[in-house]
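Peer 1: Can you look at this prediction? I've put the sequence above it.
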Amino acid sequence: MSSEARGRNALVIGASGIIGGNLCERLLTDGWTVHALSRHPERAPKGTMPHRADLNDRAGVFAALATVPVSCLFYASWTPAATEEECCEINARQLSNVLDGAAAAGLVLEHVALVTGVKHYLGPFKDFGRYLPETPFAEDTPRLPLPNFYYAQEDILFASASRDGFGWSVHRPNAIVGFSVGALMNQGVTLACYAAICRETGRPFAFTGIPMQWNMLTEVSDARLVARQIAWAATAPAARNQAYNCGNGDIFRWRAMWKVIAAHFGIAVPEYDGRQQSLQELMADAGPIWRQMAAKYDLAEPDLSRLATWWHTDADFGRQVECISDMSRSRNAGFLDYQNSTDTFLDLFRRLEAERIIPSFDS
């Protein structure tokens, strides 16, 4: 982070999530004052300044923002819904509440960052495979002719930027791997819980996705790398008013990475038979098992539902399209960071063990 950025005030929306939490840690390390706005701000990383508000409560958001003197706003929150149309309405409205609240409070924002993802190119979960865009994904790929709450959020961002004069950036990570508790989409922690349960119960650590996912090249996005890109874009003049993909910068095949994960947990990899299974169904009885493990190993979180998002990993492992992002735009603008994906998983597992989120079987 440049020296002129030190001491700036940041507001992170979604500070207890996988991206928001890692972003808070990055900004704090870089010398920012970090405000966290959420329904549960106490779950944000230590060192943040908590502000409680429900994004659906427009008056409450306005009141909270009236007390937060910030120059940069980082939005990393989303709310699921039964249909994509509902998702568009809810998430666009919540972002509007925040940006309108900032304007009403008289905040002079220099930059607003919005975190979305590769569903910008793939469409909502229910439409995966309906359109097969060319890879690697490029940021100027036309929008799909489908409802997508990412598009709705972007339109709110662009209109507010035009009205209020702030710079913006949009960040589109792939499947996110990183430390968090209570995140809605968390592939890395989900796989850690799956492997730990298999280790504890003797169940096979089977890959549950389709053959294409087992064999094709893929990428993930380390939450720490995404946080670094967001922080960079907030202060780099060349980054202003652009959307950026954010993959790790390397690629791998699950048939190789699965062995890396299994080796960390000391479990065998059964032969993949090409059959797709549902983690959500396989782990239907995992809640009581986890509570027993939490008592046995003195784990910090006995509620497995706050750790594992089986449905989301099922969606990732069921994608029939190769998901690799073109990183040229941010590299050309000066963001050259890279993250080894093997280290992404292993660093996460070690931190989960150190913070007693999963058992450390070697201890």
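Peer 2: Great, that's in hand. Numbering: from 1, shown residues only.
Peer 1: could you point out the longest helix in this structure?
Peer 2: When every helix of the chain is counted residue by residue (DSSP state H), the longest turns out to be helix 84-104.
Peer 1: CA atoms only: put it into PDB for me.
Peer 2: The C-alpha coordinates for helix 84-104 follow below in PDB (Å, rounded to 0.1, in the frame of the first residue of the first chain):
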ATOM      1  CA  GLU A  84     -32.700 -14.900  -9.200                       C
ATOM      2  CA  GLU A  85     -35.300 -12.200  -9.700                       C
ATOM      3  CA  GLU A  86     -35.800 -11.900  -6.000                       C
ATOM      4  CA  CYS A  87     -32.000 -12.000  -5.500                       C
ATOM      5  CA  CYS A  88     -31.600  -9.100  -7.900                       C
ATOM      6  CA  GLU A  89     -34.200  -7.000  -6.100                       C
ATOM      7  CA  ILE A  90     -32.900  -7.700  -2.600                       C
ATOM      8  CA  ASN A  91     -29.200  -7.200  -3.300                       C
ATOM      9  CA  ALA A  92     -29.600  -4.200  -5.500                       C
ATOM     10  CA  ARG A  93     -31.800  -2.600  -2.800                       C
ATOM     11  CA  GLN A  94     -29.300  -3.300  -0.100                       C
ATOM     12  CA  LEU A  95     -26.400  -1.800  -2.100                       C
ATOM     13  CA  SER A  96     -28.600   1.200  -2.900                       C
ATOM     14  CA  ASN A  97     -29.300   1.700   0.800                       C
ATOM     15  CA  VAL A  98     -25.600   1.800   1.500                       C
ATOM     16  CA  LEU A  99     -24.600   4.200  -1.300                       C
ATOM     17  CA  ASP A 100     -27.600   6.400  -0.800                       C
ATOM     18  CA  GLY A 101     -26.900   6.500   2.900                       C
ATOM     19  CA  ALA A 102     -23.300   7.500   2.200                       C
ATOM     20  CA  ALA A 103     -24.500  10.400   0.000                       C
ATOM     21  CA  ALA A 104     -27.100  11.500   2.600                       C
END
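Peer 1: Each with direction, which strands does the helix or strand following that helix pair with?
Peer 2: Next in sequence after helix 84-104, counting helices and strands by DSSP states H and E, comes strand 111-115. Listed by DSSP bridges, the sheet partners of strand 111-115 and their directions read strand 72-75 (parallel), strand 167-173 (parallel).
Peer 1: in the protein, which segments are predicted with low confidence?
Peer 2: Low-confidence segments of the chain, defined by pLDDT under 70: 1-7, 363.
Peer 1: what's the closest of the strands paired with strand 111-115 to Ala233?
Peer 2: The closest approach between Ala233 and any of the strands paired with strand 111-115, judged by CB to CB, belongs to strand 167-173 at 3.9 Å. Using the backbone N, CA and C atoms, a C-beta is placed for each residue, glycine as well.
Peer 1: mind listing what's buried in that closest one?
Peer 2: Of the residues in strand 167-173, those scored as buried under the neighbour-count criterion (16 or more other CB atoms under 10 Å) are Gly167, Trp168, Ser169, Val170, His171, Arg172, Pro173.
Peer 1: Tell me how many other residues surround the nearest residue to Leu157 once chain neighbours are set aside.
Peer 2: Beyond its immediate neighbours in the sequence, the residue positioned closest to Leu157 (CB to CB, 6 or more residues apart in numbering) is Leu114, lying 5.2 Å away. A count of neighbours around Leu114, defined by other CB atoms under 10 Å, yields 25.
Peer 1: residues contacting Leu114?
Peer 2: Under the criterion of CB atoms under 8 Å, 6 or more residues apart in numbering, the contact list for Leu114 reads Tyr75, Leu95, Gln153, Glu154, Leu157, Trp168, Ser169, Val170, His171.
Peer 1: export these to TSV and tack on distance to Asp222?
Peer 2: As requested, these are exported to TSV (distance: CB to CB, whole Å):
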residue	distance to Asp222
Tyr75	20
Leu95	25
Gln153	23
Glu154	24
Leu157	24
Trp168	23
Ser169	18
Val170	19
His171	13
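Peer 1: Could you let me know which of these ends up closest to Ala15?
Peer 2: Tyr75 (10.8 Å).
Peer 1: can you pull the contacts of the closest one?
Peer 2: Neighbouring residues of Tyr75 by CB under 8 Å, 6+ apart: Ile13, Gly14, Leu95, Val98, Val112, Ala113, Leu114, Val115, Gln153.
Peer 1: Of the residues you listed, which is the most crowded?
Peer 2: Counting neighbours by other CB under 10 Å, the one among the contacts of Tyr75 with the most is Val115, which has 28 neighbours.
Peer 1: Quick check: it touching Ile230?
Peer 2: Yes. Using CB atoms under 8 Å, Val115 is in contact with Ile230, at 7.1 Å.
Peer 1: I'd like to check which residues are in contact with the residue nearest to Ile19 when sequence neighbours are not counted.
Peer 2: Leaving out its chain neighbours, the residue that sits closest to Ile19 by CB to CB, 6+ apart is Ala76, at 4.2 Å. Contacts for Ala76 were tallied using CB under 8 Å, 6+ apart; they are Val12, Ile13, Gly14, Ala15, Gly17, Ile19, Gly20, Leu23, Val115.
Peer 1: from those residues, which single one is nearest Glu42?
Peer 2: The nearest member of those to Glu42, counting by CB to CB, is Ala15 at 10.3 Å.
Peer 1: okay but the closest one is in contact with Gly47, surely?
Peer 2: No. Using CB under 8 Å, Ala15 and Gly47 do not qualify as a contacting pair, with a distance of 10.9 Å.
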